[in-house]
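**Student:** Mind folding the following:
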Amino acid sequence: MIDAFKGFPGFKVYSLDEFSEKNPFHDSLKNSTISESSDNTDIEQLKMDLLSAGTPVDTNELQAYFGRKIGNDITATGNRLRALKAKKIQTEKDKAEIEKLSAIVKQAFADKIKFGNGVHKSFLSKIVDESGNNFDLEQLKAAIKKRPGLKLKQNGKIEKSGTFLGQNGKMQRGAGSRIFYNIGLPALRGIAVNEKTDEIVVVDTCPGAGKCVPYCYAMNGGYIMFPEVWLSQARILNYLINDPVGFFKELKQAILSAQKKAEKNGDTVVVRYHDAGDFFSPAYLAFAAKLAREMPDVDFYAYTKVGNNIISDLPDNLILNWSEDAKSADKKVIKIALDNGKQIKNSLTIPSEMFSDLIQKVNNGRPDYDENGKFIWLGDGLQEFKQRIAKKYGFDVSTVITFNEMLTKEETNVPTWNVIVQSREPDDSARRRDVANTLLVFH
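**Tutor:** Just a heads-up that it's a prediction; the model follows:
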């Protein structure tokens, strides 16, 4: 089966044993340190691989995209379009406007697929000329090329521009003595600069993303509302692809500083890669694996939709969770791995129809929540939900537990539990080695 799949377009697939023997990126870092000089041949190859992840963008195409972005209020356009479509009787004028607005929405979605969240409108307004058609790309490049600062603020919020690690207060709230931090990249695509050629490039930061693209949470809300977010993420991405050695040296120091502060209270530090983004390059994952080996007392974890990431040779303290809704090619990689006996830690999204009739709701039909922000189950609804999950996924029902039930279990290294996690609960199941599947419940 492996041999038959090796020719699949865009993928180089090894058996599990072959991968650890032949993957040049992981081999090159196993016996080196992140801080090695940049003239090291292996390090140079890794740097070249990361930099090549950026695809140059035609200047005219970029100017046109910025013009569309600053010229259209896509939220207002979408609202107007929905209102027109909802009218029982549409005039010819309405139909013409629907056609026009539909084209704008379609183009905006195409732009998001190509450029991700791109550049914030408030920044574009600062670099556009009086005609409103030409943008100063040199100013854009200068802003992105500025290296991010590393000071950590423990304020329970994702840090703003100028920070490397943002403390994730949501995860900290329920995780006891473990303080969680995250490293974020632009979702789906990110704009950066190839500092060798001085070209603006687009990096596919979520190369395995499939059906999740239209509703990606990291392409909405605060990720697009606040100008600080896009600039911080762009700078982190740019730093990573242009100077991965410097990036990971400073990341290590940031983690060590967080550890020192945490240890004063007897706490431990956990680092999540990518509240947005993914390990988009084998070299990027290789650097992350090396850092984990250098810091064995820190747990690192991430979600990924890239199949080859899952079958990589990784240290025990770098835990990857396979996310569904990936591209079909990546799903095939996972199927092959499972067929060859690979143990894979999964993250599954549970459809609302599996539990919607089991929870209490308010007048508008939306879920009702208790004082802790969790569903209020009707009668034996929770147990019925567990039974449904067990039947659908083939689990032993005794292994299907809630997040709170997980916290009462002594942690082991044996994948055992299938943990129900509601949207307002922490992310600790993704870190634990004894959790086989995280069951994400959204309504």
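**Student:** would you list every one of the strands in the chain?
**Tutor:** Ranges of strands in the chain, per DSSP state E, are 54-56, 166-167, 178-183, 189-194, 199-204, 268-273, 299-304, 318-323, 346-350, 400-402, 417-422, 435-441.
**Student:** of all those strands, which lies closest to Leu124?
**Tutor:** Minimum separation from Leu124 across the strands of the chain (CB to CB) falls at strand 189-194, 11.6 Å. C-betas here are computed from N, CA, C, even on glycine.
**Student:** Within the sheet, what are the partner strands of the closest one, with directions?
**Tutor:** strand 199-204 (antiparallel) (DSSP bridges).
**Student:** before we move on, back to that, weakest of the strands of the chain by average pLDDT?
**Tutor:** Confidence, taken as mean pLDDT, is least for strand 166-167 of the strands of the chain (a mean of 57).
**Student:** Run a quick neighbour tally on Ala254.
**Tutor:** Ala254 sits with 20 neighbouring residues when counted by other CB atoms under 10 Å.
**Student:** And the pLDDT at it?
**Tutor:** 90.
**Student:** Identify the residue nearest the geometric centre of the protein.
**Tutor:** By CA atoms, centre = their mean, the chain has its centre lying nearest to Ala276, at 2.9 Å.
**Student:** isn't that residue right next to Pro186, touching?
**Tutor:** Yes: if you go by CB atoms under 8 Å, Ala276 and Pro186 touch, sitting 6.6 Å apart.
**Student:** Mind listing the shared neighbours of these two?
**Tutor:** Thr205, Gln233 (CB atoms under 8 Å, 6 or more residues apart in numbering).
**Student:** Can you name every helix or strand that the lengthiest helix in the chain contacts?
**Tutor:** The residue-count maximum for a helix in the chain (DSSP state H) belongs to helix 92-115. In this structure, helix 92-115 packs against helix 59-71, helix 74-86, strand 189-194, with contacts taken as 3 or more CB pairs under 8 Å, 6 or more residues apart in numbering; DSSP states H and E.
**Student:** what angle separates the last one from helix 92-115?
**Tutor:** To tie it back to what came earlier, the one meant is strand 189-194. Counting by axes from the mean of the first three to the mean of the last three CA atoms, to 10 degrees, strand 189-194 lies at 50 degrees to helix 92-115.
**Student:** just how off-centre is the longest helix of the chain within its chain?
**Tutor:** Its chain's C-alpha centre and that of helix 92-115 lie 28 Å apart, by CA atoms, centre = their mean, to the nearest Å.
**Student:** List the buried residues in it.
**Tutor:** Buried residues in helix 92-115, defined by neighbour count with 16 or more other CB atoms under 10 Å: Ile98, Leu101, Ile104, Ala108, Asp111, Lys112, Phe115.
**Student:** Save the residues you listed as JSON lines, and put in pLDDT and distance to Lys374 too.
**Tutor:** Listed next are the buried residues of helix 92-115 as JSON lines, based on pLDDT from 0 to 100; distance: CB to CB, whole Å:
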{"residue": "Ile98", "pLDDT": "93", "distance to Lys374": "41"}
{"residue": "Leu101", "pLDDT": "93", "distance to Lys374": "40"}
{"residue": "Ile104", "pLDDT": "91", "distance to Lys374": "40"}
{"residue": "Ala108", "pLDDT": "87", "distance to Lys374": "36"}
{"residue": "Asp111", "pLDDT": "88", "distance to Lys374": "38"}
{"residue": "Lys112", "pLDDT": "86", "distance to Lys374": "33"}
{"residue": "Phe115", "pLDDT": "89", "distance to Lys374": "37"}
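**Student:** Just give me the closest of those to Arg431.
**Tutor:** Lys112 (30.6 Å).
**Student:** Can you give me the distance of Phe442 to Thr349?
**Tutor:** Distance, Phe442 to Thr349, using CB to CB, to the nearest Å: 7 Å.
**Student:** higher neighbour count, the two?
**Tutor:** Ranked by neighbour count (other CB under 10 Å), Phe442 and Thr349 place Thr349 first, with 14 against 11.
**Student:** Once you drop chain neighbours, what's closest to the more buried one?
**Tutor:** Distances taken as CB to CB, 6 or more residues apart in numbering put Leu440 closest to Thr349, at 4.9 Å, once the chain neighbours are dropped.
**Student:** from what I can see the one you found touches Ser352, true?
**Tutor:** No: contact criterion CB under 8 Å: Leu440 and Ser352 do not qualify, at 11.4 Å.
**Student:** Neighbour count for these two, which is higher?
**Tutor:** Leu440 (19 against 13).
**Student:** quick one: contacts for Ser304?
**Tutor:** Heads up, residue 304 is Thr, not Ser. With CB under 8 Å, 6+ apart, Thr304 has these contacts: Gly208, Asp278, Phe279, Ile310, Leu320, Asn321, Trp322, Ser323.
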